[in-house]
Each structure stands twice: as C-alpha cells, then as structure tokens.
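[1] can you look at this prediction? I've put the sequence above it.
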Amino acid sequence: MHELSIAYSLVELALEESEKRGVRQLRAVYLKLGVLSGVIKESLQFCFDVVVQGTPAEGAELIVEDVPVVVYCPECQEERALPEPLPMRCPVCGTRTAEVLHGREVELYGLEGEEGDGKYASDCRDQTERAQEERSFGGGITRAFP
Ligand SMILES: [Zn+2]
C-alpha cells in the first residue's frame with residue numbers, strides 16, 4: 001500500500017501548509033507526479049479521497065500533473081523530454097543516457113482553498129523562478145513553495 005502512505009503524507013503536508021496560510025476550506029491540492037516515481041495515479045487519487053475523510057481537507061480534489069522523463073543528452077548537451085519513459089535514449093540523436101533530470105518527483109506545488117470570506121488561491125506554477133523551499137517528507141514527497 002505504497003500509495004496509501006503517500007496519501008497520508010500528502011494530506012498531512014497540505015493541512016499543515018493550509019493552516020500556515022489561514023486556509024479554512026481546502027478545495028484542491030496540486031501534485032506533480034513523475035512517470036518514474038513508481039506511484040500509480042489512480043490508486044493515489046483513490047487513497048487521497050479516503051484519507052481526507054473526516055479532516056478539514058474533506059472534499060478537496062487532488063489534481064495531478066504528470067511529469068515526463070527529462071534526460072540530459074551528453075552528445076547534444078541538451079535536456080531532452082522523452083515521449084515514453086523507456087528506452088532512455090536521446091529522441092534526437094539516439095544516444096543512450098542514464099542521467100535523469102525529471103520524472104521521479106512526487107511534489108506538492110499548490111493549494112487552493114478559502115480564507116474567511118475571500119477566495120484564497122496558491123498556485124506556484126508561474127513562480128518557479130522565485131526561491132523555492134524544498135523539503136523531503138515521509139513517503140518521498142517534496143514541497144515546493146515560494
Ligand atoms: Zn542527443
């Protein structure tokens with residue numbers, strides 16, 4: 001039950017984060033999920049729905065963004081996104097590479113909820129250039145917030 005323990009960590013982290021930000025009703029949790037993370041998205045979503053029951057995050061939606069594998073090609077000296085996780089070779093020149101830059105992440109990157117009477121939204125997608133705080137969390141979840 002790998003996904004269940006990840007779902008627990010994710011909900012715990014999301015609640016901790018929303019408390020810090022004064023969010024009352026959490027509506028959505030945004031997660032980046034690498035295709036090499038070994039986490040099954042459907043299973044994680046199912047577990048998430050179970051775990052949030054009875055918590056302040058009950059009813060919140062888990063929105064998963066799939067992250068493709070990005071490798072570094074030593075031949076092209078470029079980052080290359082792979083259309084499929086395997087084989088790990090440069091899609092342009094065919095050189096084999098094991099240098100994976102993206103695709104393993106399980107990363108909480110945004111929350112959406114309500115604060116008092118007003119709307120609250122935290123979406124870090126456009127803020128990647130800001131300094132990011134990253135922290136490893138149980139189950140391999142990383143938090144990336146500005
Ligand atoms: Zn190449």
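    In hand now; what should we look at? Worth saying up front: this structure is predicted, and the values here are computed from it rather than measured.
[2] contacts, neighbours, all on C-alpha from now
    Noted.
[3] what strand or helix carries Gln45?
    helix 41-51 (DSSP states H and E).
[4] any residues touching that helix, and which ones?
    3-4, 6-8, 11, 33, 58-59, 61-62, 64 (C-alpha atoms under 8 Å, 6 or more residues apart in numbering).
[5] buried subset of those, written for ChimeraX?
    This is the ChimeraX syntax for the buried subset of the contacts of helix 41-51, where burial follows 16 or more other C-alpha atoms under 10 Å:
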select :3,4,6,7,8,11,33,58,61,62,64
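[6] now, the contacts of helix 41-51 that are in helices?
    Using DSSP state H, 3-4, 6-8, 11 are the members of these that sit in helices.
[7] helix, strand, or coil at Tyr30?
    Under DSSP: H, G, I helix; E, B strand; the rest coil, Tyr30 falls in the strand class.
[8] can you give me the helices for this structure?
    Using DSSP H, helices in the chain cover 2-20, 41-51.
[9] quick one: closest of those helices to the ion.
    helix 41-51 (30.0 Å; C-alpha to the ion).
[10] could I have the CA atoms of that closest one written out in CSV?
    Extracted in CSV, the C-alpha atoms of helix 41-51 (Å, rounded to 0.1, in the frame of the first residue of the first chain):
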residue,chain,number,x,y,z
LYS,A,41,-2.0,7.9,-10.1
GLU,A,42,-5.5,6.3,-10.0
SER,A,43,-4.5,4.5,-6.8
LEU,A,44,-3.2,7.6,-5.2
GLN,A,45,-6.3,9.5,-6.1
PHE,A,46,-8.5,6.8,-4.6
CYS,A,47,-6.4,6.7,-1.4
PHE,A,48,-6.4,10.5,-1.2
ASP,A,49,-10.2,10.5,-1.2
VAL,A,50,-10.2,8.0,1.6
VAL,A,51,-7.6,9.8,3.7
